[in-house]
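1. With the input below, show me the fold.
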Amino acid sequence: MLREGARLAAFLKANPAYAAAALLAAAAAASLHLFKLGRRGKAKDAALQIREWASSRPEEAFALFKRFVAEGGDATAIPASGLVNLLAPAHEDELLRVLSGLEGDAGAGYVLDAAAALAEKGKFEAAQLLLTDDLLARAARTDRNADAAAAVFIRLRAVGSLVGPRCEGRVPEFCLAFGRALERQGRPDQALIIFERTIPQDPRTMRLKACVLFSQGAAAAAFEMLSGIGRPDWSDADIILAFRCCVALRDVVKAKDIFASLRLRKSISVHSAPDVYYECGVFLEAVGETRVALEAFSRFYSDGVEFKDAMLRWERLKGLAPASGPAPSAPPPVPGEGRPAAPAPSGFPAPPGTGEGRPAAPGRVGGKYELRQQIGKGGMGQVFEAWDHTLERRVAIKKMAAEIKDSPKLREKFLQEAKIVSHLSHPFIVSIHEIVQEGGEIYLVFDFVEGRPLSLILEERGRLGFGECREVFRSVCQAVDHAHRAKILHRDIKPSNIMVDIHGLARVMDFGVAREAKGTVTHLARQDASGTPVYMAPEQHLGTATRASDVFSLGVCLYECLSGEVPFKGPDYLAQKERLRYKPLSSLVGGLPAGMDALVAGALAPDPAKRIPEAMEFLQRLLALGVPGSTPK
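-> Next up, the predicted model:
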């Protein structure tokens, strides 16, 4: 820059004529700038003077205003409320003519402010004169001005004029602009008149009508209107309104179904809508759906959100949540007699076909459990759907395999572990109600969960979306954390041991190889290194297990749910895990939030000391993904 300046100086020195011309141009520019500043300063002074005189000396203020406008002054430099004070009857026509002559969106906004000030002072006729068709056409171009115009009509008590003659025969864009403005101004019923006349079958009209119907106490009609939109197209506001309709109608079945969908929406979180989750929990608790209510309140705990008494309700309900919904009043009919067979309540895949092709149940167990039908079979035995005649509820009963009952050592070990697990009581754990020993057989009585194992869902769909995974692991991690706090390790967490019920809630089951953790590390006999190889932590292959071992299994399950494949293919699982021979999730699945690979790496670390140590920490990191400013540690 200095070099260029030196060249210019040398050029001007060598060419005096150019130097003189440059000086004259600079002087002219400076003079013009000073003139503009002076004019601007005078205009500013005049505007200030008009403001000061508007209320105390209106005649002099009006005379100054006329001169100010005549000399090209900007009328909008004077606040509209001050200008209104100049509106004496003698000046009315002239002042309204000035206001009507203001052009553009800014001018329209100013005139609307003036109309609002006139309406505020009770000068309704003058305000009406300003609300010309041309002004409304300009106001319809922006939401701000449309809102201002609607507010003036409301203040003038002339909304019927806007909805009726002022909108009739106008283009749809004009009508919809004021329909939306009236909706924003809290007049949905008048807005609905415009929408129904302009776009009667549009989802926007149906949504607005549902809101109006609900506000009028017609919850059933409102829900029917929302149903007409189609549930896949429901917005967040739609699904919240649908739930509130169900609450008003006391329709528990639909309320639970809609809550199951609501909680899967990332955009409706307990952070953004704590009142919605609180309403869900309070209603579902009131109608006896304690477990689903607990799931709603558990969001406040897992996400660390303080709202009213949600935390206290969560603490209180933890010990009260039943295994499933309210008990029916009478035994369900036997499958094949007018009702399809119930789904398998455990990790065993149900045999194909109806009850006709299934093995017969062996009668009653323990004097009160009527075995209805076999619904599953696995390495540890057979699973039956049964009816508890004492408590009048469905249960699942697992009859232990002959290998266990015929070996005194295995039998004793199994009974000891079953007694430990029977002390676990949590809404996201399939609990053991009773251990029955009868006729040399061992039966475990479990919650009956109407749903399907996560493994079957993955088999059908291939993989789950990130939002669905978050919801599944929200429940699973709380269940595992509860077991860890009771000093119990699961040791075999995998999709087939995660049950997803008909409401979409996940529950952990089959603690059949779980062990009580006597200390920080549980040492296992070589033959007791139980689990499923692909999901086991490296240390489990070597005969030890910690809480972090279950976290490793959670990491494998998350990887499989998101990608549809397991990270370690075998056959040498231990070597692959120790050398971290797996593909990053981001290379298999697109669109995952930043930090997912880091989360998986933290869960699959071969060294337990370097792994994410707790199930709840794993959950907190998973929930943080996708939240701005959050990254896994």
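2. Tell me the confidence at Cys477?
-> At Cys477, the pLDDT value in this model is 94.
3. what's it in contact with, if anything?
-> Shown in contact with Cys477 (Cβ atoms under 8 Å, 6 or more residues apart in numbering): Leu554, Ala615, Met616, Phe618, Leu619, Leu622. Heads up, the C-betas are built off the backbone N, CA and C, glycines and all.
4. Please pick the buried ones from the residues you listed.
-> Neighbour-count burial (16 or more other Cβ atoms under 10 Å) is assigned, among the contacts of Cys477, to Leu554, Ala615, Met616, Phe618, Leu619, Leu622.
5. how about the first one, what does it touch?
-> Meaning Leu554. The contact partners of Leu554, by Cβ under 8 Å, 6+ apart, come to Phe473, Val476, Cys477, Val480, Ile493, Ala603, Ala615, Phe618.
6. same thing with the second one?
-> The neighbours of Ala615, taking Cβ under 8 Å, 6+ apart as the test, are Cys477, Gln478, Val480, Asp481, His484, Arg547, Asp550, Val551, Leu554.
7. correct me, but the fourth one touches Glu617?
-> No - Asp481 lies out of contact with Glu617 (Cβ atoms under 8 Å); the separation is 9.4 Å.
8. Among those two, which residue is more densely surrounded?
-> For Asp481 versus Glu617, neighbours defined as other Cβ atoms under 10 Å are more numerous around Asp481 (21 against 17).
9. and the gap between that one and Val534?
-> 23 Å (Cβ to Cβ, to the nearest Å).
10. Over to Val395. Which of the three states is it?
-> Secondary structure assignment for Val395 (DSSP: H, G, I helix; E, B strand; the rest coil): strand.
11. Quick check: bridge partners of it?
-> Going by DSSP bridges, Val395 is paired in beta bridges with Ala386, Asp447.
12. Could you report the neighbour count for it?
-> There are 22 residues near Val395, going by other Cβ under 10 Å.
13. Adjust the sequence numbering to begin at 33 for everything that follows.
-> Shifting the count to begin at 33 puts that one at Val427.
14. mind listing what it touches?
-> The contact partners of Val427, by Cβ under 8 Å, 6+ apart, come to Tyr401, Ala418, Trp419, Asp420, His465, Val477, Phe478, Asp479, Phe480.
15. Closest one to Phe339 out of the contacts of Ala647, please.
-> Comparing the contacts of Ala647 against Phe339 with Cβ to Cβ places Gln510 closest, at 18.4 Å.
16. which residues sit in contact with that closest one?
-> By Cβ under 8 Å, 6+ apart, the neighbours of Gln510 are Ser330, Ser334, His458, Phe460, Ala647, Met648, Leu651.
17. Confirm that it sits in a helix.
-> Yes - the assignment for Gln510 (three-state DSSP) places it in a helix.
18. Ala269 is in contact with Ala305, correct?
-> No - under the criterion of Cβ under 8 Å, Ala305 makes no contact with Ala269, lying 10.3 Å away.
19. Can you pick out the residue with more neighbours from these two?
-> Shown here are Ala305 and Ala269; by other Cβ under 10 Å, Ala305 has more neighbours (17 against 12).
20. Please read off the pLDDT at the closest residue to that one other than its chain neighbours from the model.
-> Excluding the flanking residues, the one nearest Ala305 by Cβ to Cβ, 6 or more residues apart in numbering is Ile272, at 7.2 Å. Looking at Ile272, its pLDDT stands at 92.
21. so how many other residues sit close to Ile272?
-> With neighbours defined by other Cβ under 10 Å, the count for Ile272 comes to 20.
22. Ok, Pro264 next?
-> 5.
23. helix/strand/coil for it?
-> Judged by three-state DSSP, the three-state class of Pro264 is helix.
24. how far out from the middle of the chain is the lengthiest strand in the chain?
-> In terms of residue count, the longest strand belonging to the chain (DSSP state E) is strand 401-410. Centroid separation for strand 401-410 versus its chain: 39 Å, with Cα atoms, centre = their mean, to the nearest Å.
25. Distance-wise, check the nearest residue in space to Trp346 that is not next to it in sequence relative to Gln217.
-> Counting by Cβ to Cβ, 6+ apart, Trp346 lies nearest to Phe329, which is 3.9 Å off, once chain neighbours are set aside. To Gln217, Phe329 is 36 Å away according to Cβ to Cβ.
26. Between those two, which is the more surrounded one?
-> Applying other Cβ under 10 Å to Phe329 and Gln217 shows that Phe329 carries more neighbours, namely 27 against 20.
27. and the more buried one, that one's in a helix?
-> Yes - Phe329 forms part of a helix when assessed by three-state DSSP.
28. so where's the stretch 183-332 of the chain shaky on pLDDT?
-> Nowhere does the stretch 183-332 of the chain drop to pLDDT under 70.
29. what about Glu435, neighbour count?
-> Neighbours of Glu435 (other Cβ under 10 Å): 12.
30. and it, what helix or strand is that in?
-> For Glu435, the element it lies in under DSSP states H and E is helix 434-437.
31. Pull out the buried residues from that helix.
-> Of all the residues in helix 434-437, those buried under the rule 16+ other Cβ under 10 Å are Ile436, Lys437.
32. Going C-terminal from it, what's the next secondary structure element?
-> helix 440-453.
33. Counting neighbours, which bits of that next one end up buried?
-> Buried positions in helix 440-453, judged by neighbour count with 16+ other Cβ under 10 Å: Arg443, Phe446, Leu447, Glu449, Ala450, Ile452, Val453.
34. Would you map out the domains in the chain?
-> 76-242, 251-350, 392-479, 484-656 (automatic domain parsing).
35. What's the end-to-end length of the second one?
-> Across domain 251-350, the straight-line distance between its terminal residues is 32 Å, by Cα to Cα, to the nearest Å.
36. which intervals of the stretch 33-182 of the chain have sub-threshold pLDDT?
-> 33-91, 93, 98, 101-138.
37. can you pull the contacts of the residue most central in space within the chain?
-> Computing the C-alpha centroid of the chain and ranking residues by Cα atoms, centre = their mean puts Ile300 first, at 2.2 Å. Neighbour list for Ile300: Asp268, Ile271, Ile272, Leu294, Val308 [criterion: Cβ under 8 Å, 6+ apart].
38. Put together JSON lines for those residues, with secondary structure on each row.
-> Below are the contacts of Ile300 laid out as JSON lines (three-state DSSP):
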{"residue": "Asp268", "secondary structure": "helix"}
{"residue": "Ile271", "secondary structure": "helix"}
{"residue": "Ile272", "secondary structure": "helix"}
{"residue": "Leu294", "secondary structure": "helix"}
{"residue": "Val308", "secondary structure": "helix"}
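39. Relative to Glu435, which of those residues is nearest.
-> Nearest to Glu435 among those is Leu294, at 45.8 Å by Cβ to Cβ.
40. any idea how far Phe255 is from the residue lying closest to that closest one once chain neighbours are set aside?
-> Nearest in space to Leu294, with sequence neighbours left out and distances taken as Cβ to Cβ, 6+ apart, is Ile271 at 5.3 Å. When Cβ to Cβ is the yardstick, Ile271 and Phe255 sit 12 Å from each other.
41. So for these two, which sits in the more crowded spot?
-> Per other Cβ under 10 Å, whichever of Ile271 and Phe255 has more neighbours is Phe255, with 24 against 20.
42. wait, isn't the more buried one in contact with Arg276?
-> No - in this structure, Phe255 is not within contact of Arg276 by Cβ under 8 Å, at 9.4 Å.
43. Not counting sequence-adjacent ones, nearest residue to Ile231?
-> Excluding the flanking residues, the one nearest Ile231 by Cβ to Cβ, 6+ apart is Thr237, at 5.6 Å.
44. Which neighbouring elements make contact with the strand or helix carrying that neighbour?
-> Assigned by DSSP H and E, Thr237 falls within helix 235-247. Judged by 3 or more Cβ pairs under 8 Å, 6 or more residues apart in numbering; DSSP states H and E, helix 235-247 is in contact with helix 220-230, helix 251-261, helix 268-281.
45. can you give me the strands for this protein?
-> Remark: strands assigned in the chain by DSSP E are 396-397, 401-410, 413-420, 425-432, 464-470, 473-479, 483-485, 520-521, 530-533, 538-540, 547-548, 554-555, 576-577.
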